[in-house]
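Visitor: A structural model of the following input is requested.
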Amino acid sequence: MDIILKNSSDEPIYQQIISQIKAQIMNGTLAAGEALPSMRTLAARLRISVITTKRAYEELERDGYIENFTGKGCFVKAQNTDFLREETVRQTEELLAKACERAKLCGLTVNELKEMIELMYEEDNNND
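Guide: Predicted coordinates:
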């Protein structure tokens, strides 16, 4: 499991962990039943607080992505990937609707907004 933290990101560290683990589950990099590193191991590997990894794992468990077995650790939960993808698409649509509202407020054209999205999308893919 690869997790890369970006100190320059506005996204909190625990949220970066959550996003990357969710993405790895969605794209099949992490399979159902696969063990995740312990909270302490992940914290040491990423050089962050155990509290941060604990929060990330708790939210992943709450959202149904992983399950925790006392004394055994955390494991990727079997997923309905179609449902998870649909939920992610719905959330993306909500965020884009907000972006469109803001773009209209400052007079951005559709083409300017598309160009911004394309640049951001390419930049994000180049950082992977």
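Visitor: and the residue nearest the centre of the chain, what does it touch?
Guide: Most central in the chain under C-alpha atoms, centre = their mean is Ser19, positioned 1.0 Å from the mean C-alpha point. By C-beta atoms under 8 Å, 6 or more residues apart in numbering, the residues touching Ser19 are Glu11. From N, CA and C alone the C-beta is placed, and that goes for glycine too.
Visitor: In the host helix or strand of it, which residues are buried?
Guide: Assessed by DSSP states H and E, Ser19 sits inside helix 13-26. Buried residues in helix 13-26, counted by 16 or more other C-beta atoms under 10 Å: 13-14, 16-18, 20-22, 24-25.
Visitor: Beyond that helix, next helix or strand please.
Guide: Assigned by DSSP H and E, the successor of helix 13-26 is helix 39-46.
Visitor: chain center to stretch 48-59: distance?
Guide: Distance of stretch 48-59 from the chain centroid (C-alpha atoms, centre = their mean, to the nearest Å) equals 14 Å.
Visitor: for Gly71, helix, strand, or coil?
Guide: Using DSSP: H, G, I helix; E, B strand; the rest coil, the structure places Gly71 in coil.
Visitor: State the distance from it to Ser38.
Guide: Using C-beta to C-beta, to the nearest Å, we find Gly71 at a distance of 11 Å from Ser38.
Visitor: swap in Glu122?
Guide: The value you get for Glu122 to Ser38, if C-beta to C-beta is used, is 36 Å.
Visitor: can you check Ser49 too?
Guide: Counting by C-beta to C-beta - Ser49 and Ser38 are separated by 14 Å.
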